[in-house]
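Asker: Generate a structure from the sequence data that follows.
(chains A and B)
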Amino acid sequence: MRIQVRRTGGFAGIERRAEVDTSGRPDAGEWRALAERALAGGRDRPPSGVPDGFGYRITVDGTTVYCADPRLTEAQRELVSRVLKEGA
Amino acid sequence: MTRHGGPAPVFCSIVPPHVLDRLARHGDPALARPARRTLERDALERTRRRLTTVVGATPLAARPGAEAGKPHRTIYDARHGTELPGHKVRGESDEPTADATVNRAHAGLGATFDLYLKAYGRDSIDGSGLPLDATVHYDEDYNNAFWNGEQMVFGDGDGEIFLDFTLPVDVIGHELTHGVTQHTANLAYFGQSGALNESLSDVFGSLIKQYTLGQTAAEADWLIGAGLLAPRVTGTALRSMKDPGTAYDDDVLGKDPQPGTMEDYVHTGSDNGGVHINSGIPNHAFYLAATALGGHAWERAGQIWYDVLTGGELHEDALFADFATLTVSAARERYGAGKELQAVSKAWEQVGVRTL
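Answerer: The predicted model follows:
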């Protein structure tokens, strides 16, 4: 499973992208469950968000959803922070 | 905006504003308080008079228990969570806490309140004494600060790229100005209107820093977010109004993408259509106008920009040219056909934005 996160906006307006390929990872099952929960709470189009808030695009094996700060679900927040931290 | 059919009371001030202003800063509260109140009422009336011609008068929202002309600040601590507003840690009359972040937020809100009141006679971000709430220590290693429509939110930064977002006072002023914009022109946060929304936050954020330091346009650094970047990052700030595109150039962050003229306008879908990128163009126009005029930038250049932001003629979906044209009219209306008008017109011409 390929999980890609693109974060745009924010006060700095600096874009960040990262992805995690879970195949062969011992925690692949955990990633899959988290990714599915994150997708379930996402939107088809970027929500308007708030001034200076981060906007996120989450793509999991070709399925893309959008979400924006500060209204992320728990799963979305955990997924984006893990991918941006651990992903390449 | 609520429409209200009743006639606005006529209000004329006899004491010149600059005298009131000096009195308002007087050490004796018996002198300072009434002067401050008058200044505020004067500017409020002036603003309302202009607004009345466009949208009809709005009723004065009296806030029970709140004294006009004073900030009503509350700082909350999210304790690294994301629940807003979090735990209350400092109220308006509370002593400083042991947490420097909390105290900086408190001081920054005060500095912002001061500029709006003393320079423009605006009582808080809505003009009616709105309480100012801010949450610090939002989330973990959170590299951002934002305005959520009701309050400010500040992250601590990750220490790798960004430090604590309460460090630069212009960042605090920037966030609060999003509140002012929301309560006035309400510029749509996308494309050119979004870049204008961003630029107004940078302009007044920088003016709050300049006002706090007592700097002239020539002395100011015209940087947004100076002191926010961690030591290992190659850069001085996040944006430069003086020289857009030169604030940072770093291995991890990349290069500051801001254009300073329309020739380099960036067409992009991300960042709400580049609101933090193309804001460099109106930012630079303000810098050019303010430095051409010299002296304190919040006085004439800032006043003209403030007149446009609050004047009721700036549309939610305004383009750069619409905004520029209104600044030219505002300069003429307030200062006549003098050097202010010339400086503003020339500034827009230099950044390639046509005024009508």
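Asker: Do a quick rundown of the helices in the chain.
Answerer: Unless you meant another one, I'm taking chain A. According to DSSP state H, chain A carries its helices in the segments A:28-40, A:74-86.
Asker: nope, chain B please
Answerer: B:17-24, B:29-55, B:100-120, B:169-183, B:191-213, B:270-278, B:280-293, B:301-310, B:320-335, B:339-350.
Asker: what residue ranges in the chain score low on pLDDT?
Answerer: Using chain A. Chain A contains no residues with pLDDT under 70.
Asker: I was after chain B.
Answerer: B:1-66.
Asker: Taking it, what residue is nearest to chain A?
Answerer: residue B:276 (2.5 Å; C-beta to the nearest C-beta). Where C-beta positions appear, they are placed from N, C-alpha and C, glycine not excepted.
Asker: ok, now how distant is that residue from residue B:202?
Answerer: In this structure, residue B:276 and residue B:202 are 9 Å apart, going by C-beta to C-beta, to the nearest Å.
Asker: ditto for residue B:70
Answerer: Taken as C-beta to C-beta, the span from residue B:70 to residue B:202 is 27 Å.
Asker: and what of residue A:15?
Answerer: Applying C-beta to C-beta to residue A:15 and residue B:202 gives a distance of 19 Å.
Asker: The two: who's more crowded?
Answerer: residue B:202 (27 against 16; other C-beta atoms under 10 Å in any protein chain shown).
Asker: With residue B:240 as the reference, measure out to that one.
Answerer: Residue B:202 sits 10 Å away from residue B:240, going by C-beta to C-beta.
Asker: One more: residue B:167?
Answerer: Distance from residue B:167 to residue B:240, by C-beta to C-beta: 17 Å.
Asker: Compare neighbour counts for the two and give me the winner.
Answerer: Higher neighbour count among residue B:167 and residue B:240: residue B:240, with 26 against 20, using other C-beta under 10 Å.
Asker: give me the beta-bridge partners of residue B:132?
Answerer: For residue B:132, the beta-bridge partners under DSSP bridges are residue B:73.
Asker: That one contacts residue B:76, doesn't it?
Answerer: No: if you go by C-beta atoms under 8 Å, residue B:132 and residue B:76 don't touch, sitting 11.5 Å apart.
Asker: Residue 83: how many residues sit nearby?
Answerer: Reading this off chain A. Neighbour count for residue A:83, taken as other C-beta under 10 Å: 26.
Asker: other chain: chain B
Answerer: Neighbour number of residue B:83 under other C-beta under 10 Å is 12.
Asker: Phi, psi for it please.
Answerer: Dihedral pair for residue B:83: phi -80, psi 130, per degrees, to the nearest 10.
Asker: contacting residues around it?
Answerer: Residues in contact with residue B:83 (C-beta atoms under 8 Å, 6 or more residues apart in numbering or on different chains): none are found.
Asker: cool, and residue B:232?
Answerer: So residue B:232 contacts residue B:160 (C-beta under 8 Å, 6+ apart).
Asker: and the helices of chain B as JSON lines, adding distance to residue B:229?
Answerer: Compiled in JSON lines, these are given as follows (distance: least, C-beta to C-beta, whole Å):
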{"stretch": "helix B:17-24", "distance to residue B:229": "36"}
{"stretch": "helix B:29-55", "distance to residue B:229": "37"}
{"stretch": "helix B:100-120", "distance to residue B:229": "17"}
{"stretch": "helix B:169-183", "distance to residue B:229": "12"}
{"stretch": "helix B:191-213", "distance to residue B:229": "16"}
{"stretch": "helix B:270-278", "distance to residue B:229": "15"}
{"stretch": "helix B:280-293", "distance to residue B:229": "18"}
{"stretch": "helix B:301-310", "distance to residue B:229": "26"}
{"stretch": "helix B:320-335", "distance to residue B:229": "28"}
{"stretch": "helix B:339-350", "distance to residue B:229": "28"}
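Asker: Residue A:42 contacts residue A:60, correct?
Answerer: No: counting by C-beta under 8 Å, residue A:42 stays clear of residue A:60, with 9.6 Å between them.
Asker: what's the neighbour count on residue 73?
Answerer: I went with chain A, as the question did not name one. Residue A:73 sits with 14 neighbouring residues when counted by other C-beta under 10 Å.
Asker: meant chain B actually
Answerer: With other C-beta under 10 Å as criterion, residue B:73 counts 22.
Asker: Could you pull up the contacting residues of it?
Answerer: With C-beta under 8 Å, 6+ apart, residue B:73 has these contacts: B:90, B:91, B:92, B:106, B:109, B:110, B:113, B:131, B:132, B:133, B:134.
Asker: The second one - nearest residue in space that isn't next to it in sequence?
Answerer: The shortest distance from residue B:91 to any residue that is not its chain neighbour, by C-beta to C-beta, 6 or more residues apart in numbering or on different chains, is 5.6 Å, and that residue is residue B:74.
Asker: Check the gap between that neighbour and residue B:87 for me.
Answerer: According to C-beta to C-beta, residue B:74 and residue B:87 sit 11 Å apart.
Asker: Comparing those two, which residue is more hemmed in?
Answerer: The neighbour comparison of residue B:74 against residue B:87 (other C-beta under 10 Å) goes to residue B:74, with 19 against 13.
Asker: returning to what we had before: find the residues that touch each one of residue B:202 and residue B:240.
Answerer: residue B:224.
Asker: Could you pull out the buried residues of stretch A:73-87?
Answerer: Buried residues in stretch A:73-87, counted by 16 or more other C-beta atoms under 10 Å in any protein chain shown: A:75, A:76, A:77, A:79, A:80, A:81, A:82, A:83, A:84, A:87.
Asker: Close to chain B: what parts of chain A are there?
Answerer: Contacts of chain A with chain B, taken as C-beta under 8 Å from any C-beta of the partner chain, map to A:6, A:8-15, A:48-55, A:69-70, A:72, A:77, A:81.
Asker: Might you enumerate the residues of the stretch 201-350 of chain B proximal to chain A?
Answerer: Residues of the stretch 201-350 of chain B lying near chain A (C-beta under 8 Å from any C-beta): B:201, B:225, B:238, B:253-254, B:257, B:270-272, B:274-277.
Asker: next one: stretch B:121-138 to chain centre, how far?
Answerer: Using C-alpha atoms, centre = their mean, to the nearest Å, the mean C-alpha position of stretch B:121-138 is found 12 Å from that of the whole chain.
Asker: wait, the residue of chain B closest to chain A sits on residue A:8?
Answerer: No: if you go by C-beta under 8 Å, residue B:276 and residue A:8 don't touch, sitting 9.3 Å apart.
Asker: of the two, who's got more company?
Answerer: A direct count of neighbours by other C-beta under 10 Å for residue B:276 and residue A:8 places residue B:276 higher, at 26 against 23.
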